[in-house]
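Enquirer: Need a 3D model of the sequence below.
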Amino acid sequence: MAKRNAKDLTQRLETVIKNLIPQRGQNADELGPMMRAIKAVHSVTGSTSTLPEDLERQRAAQELFGRLVTPAFGIRSDGLTVGSIPAEWVSLEHGHDRRHAVLYCHGGGYTCGQLGYARILASKLAFCTGFDVLSFEYRLAPEHRYPAALEDALALWDYLMYMGYGARDVVVAGDSAGGNLALELCLKLKAQGRAQPRGLLLFSPWTDMTASGKSYRACRDLDPMLTREYVEAVREAYTGPDADWAEPCYSPLFADLRGLPPALIQVGTNEILRSDSERLAEAMQKAGGYARLEVYEDCWHVFQQMPIHRAEVAMESAGRFVQRLM
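Expert: Got it, this is the predicted structure:
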């Protein structure tokens, strides 16, 4: 029965994505089919549930999604294990800058996300920066709650330092919950008195687990990806039911952000987490740091993953930001 359900899920996702997602380079204004595709894929996963059988389907759906939309040409991937953490170097096949690296933290609400899913943005980061990109499978909730993911991120940072990179040679990137993790990694390094990475690339970062931003209401009917119910479900899976979600260890928006690296923050107008990005940029600037906020019209949560022109524009901007930092 489980095999049949997995096969049915695969067939449904393949049909949805292949029929409705625009091809690479298609006009970004043609978002109707894209929105329908995202909603269809999201509904298959049953993402508000964190029961084991539902999480299995969600994780399988993300892996399939990654295989279908990851750039297929010009990229190589090399697996490795850091301690017990599965990881992967994603690199350009042709000549590229080997002196610098991107440490990429994938999204997925801290409950989903594997290397195949991470490879979508890891590949795009390799293209736009010209750097090798290191992604990793941090331990997922609810099987492994906070601080497991942060411990794994710190282990990957230590691995890069052991391999001879300096902190200033590394850019940390993250999307959604991975954006949360990227920020928490920087805060942990700061607490330990260690050097910060050269910069931050944050795509629709989840910065406020209290869900207090105005966009939760303003974008409720516009967001094709996320709902408040989903956010509430995965935050409880990650932290446990009795957590104070205003604590900076969960919500970096409320942390002391002084001394954090320069950040590029990208977000779409149509997502309920838009306020998380807007308020983070404001808070970082008030703390004396540099944060550049880019808001993309009619775009949704982590739209950079998709094979559309607007995603290409956003990733090119990310590449320019990194090159200016270096």
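Enquirer: all helices of the stretch 1-150 of the chain, in order?
Expert: 2-20, 32-45, 52-69, 115-129, 148-162 (DSSP state H, counting those that start in this stretch).
Enquirer: tell me the contacts of the residue nearest to the spatial centre of the chain?
Expert: By C-alpha atoms, centre = their mean, the mean C-alpha position of the chain lies nearest to residue 175, the distance being 2.0 Å. Neighbour list for residue 175: 105, 106, 107, 121, 202, 203, 204, 205, 302, 304, 305 [criterion: C-beta atoms under 8 Å, 6 or more residues apart in numbering]. Where you see a C-beta, it was placed from the backbone N, CA and C, and this is true even at glycine.
Enquirer: how many neighbours does the last one have?
Expert: Translated: residue 305. Taking other C-beta atoms under 10 Å as the criterion, the count of residues near residue 305 is 19.
Enquirer: Please renumber the chain so that the first residue is 315 from this point on.
Expert: Yes, from this point I'll number from 315; that puts the last item at residue 619.
Enquirer: mind checking the backbone torsions on it?
Expert: phi -70, psi -20 (degrees, to the nearest 10).
Enquirer: What pLDDT does the model give it?
Expert: According to the prediction, residue 619 has pLDDT 91.
Enquirer: How about the contacts made by the spatially closest residue to it that is not a sequence neighbour?
Expert: For residue 619, ignoring the flanking residues on the chain, the nearest one in space by C-beta to C-beta, 6 or more residues apart in numbering is residue 434 at 4.9 Å. Residue 434 sits next to 379, 380, 383, 384, 619 when contact means C-beta under 8 Å, 6+ apart.
Enquirer: From the residues you listed, pick the one nearest residue 454.
Expert: For the contacts of residue 434, the residue nearest residue 454 by C-beta to C-beta is residue 380; the value is 15.3 Å.
Enquirer: Would you confirm that the closest one contacts residue 432?
Expert: Yes: with contacts counted by C-beta atoms under 8 Å, residue 380 reaches residue 432, the gap being 7.4 Å.
Enquirer: quick one, which of these two is more surrounded?
Expert: residue 432 (28 against 22).
Enquirer: The more buried one: what's it in contact with?
Expert: Taking C-beta under 8 Å, 6+ apart as the test, what residue 432 contacts is 380, 402, 418, 420, 449, 450, 451.
Enquirer: Relative to residue 611, how far out is it?
Expert: 27 Å (C-beta to C-beta, to the nearest Å).
Enquirer: what does residue 563 give?
Expert: 34 Å.
Enquirer: Mind checking which of those two has more residues around it?
Expert: residue 563 (19 against 10).
Enquirer: Just say helix, strand or coil for residue 546.
Expert: helix (DSSP: H, G, I helix; E, B strand; the rest coil).
Enquirer: Excluding chain neighbours, what is closest to it?
Expert: residue 525 (7.1 Å).
Enquirer: Check which helix or strand that neighbour maps to.
Expert: Here residue 525, judged by DSSP states H and E, is contained in no helix and no strand.
Enquirer: For burial, what's the neighbour tally of it?
Expert: 18.
Enquirer: what's the answer for residue 581, then?
Expert: Residue 581 - counted by other C-beta under 10 Å - has 30 other residues nearby.
Enquirer: Not including adjacent chain positions, what is the nearest residue to it?
Expert: Leaving aside its sequence neighbours, residue 581 is closest to residue 591 (3.8 Å, by C-beta to C-beta, 6+ apart).
Enquirer: cool, residue 481 as well?
Expert: residue 509 (3.6 Å).
Enquirer: which ones are touching the residue nearest to residue 546?
Expert: Taking C-beta under 8 Å, 6+ apart as the test, what residue 525 contacts is 542, 545, 546, 559.
Enquirer: Same list (the contacts of residue 434) but as CSV, adding distance to residue 631.
Expert: Formatted as CSV, these follow (distance: C-beta to C-beta, whole Å):
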residue, distance to residue 631
379, 24
380, 23
383, 20
384, 21
619, 16
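Enquirer: between the residues you listed, which is closest to residue 481?
Expert: residue 619 (27.7 Å).
Enquirer: That closest one contacts residue 385, correct?
Expert: No: using C-beta under 8 Å as the test, residue 619 is too far from residue 385 to be in contact (10.8 Å).
Enquirer: what residues are shared contacts of the two?
Expert: What both residue 619 and residue 385 touch, as defined by C-beta under 8 Å, 6+ apart, is the set residue 438.
Enquirer: ok, back up a step: hmm, which of the contacts of residue 525 are the buried ones?
Expert: 545, 559 (16 or more other C-beta atoms under 10 Å).
Enquirer: Which of the contacts of residue 525 sits closest to residue 465?
Expert: Among the contacts of residue 525, and counting by C-beta to C-beta, the member closest to residue 465 is residue 559, at 19.8 Å.
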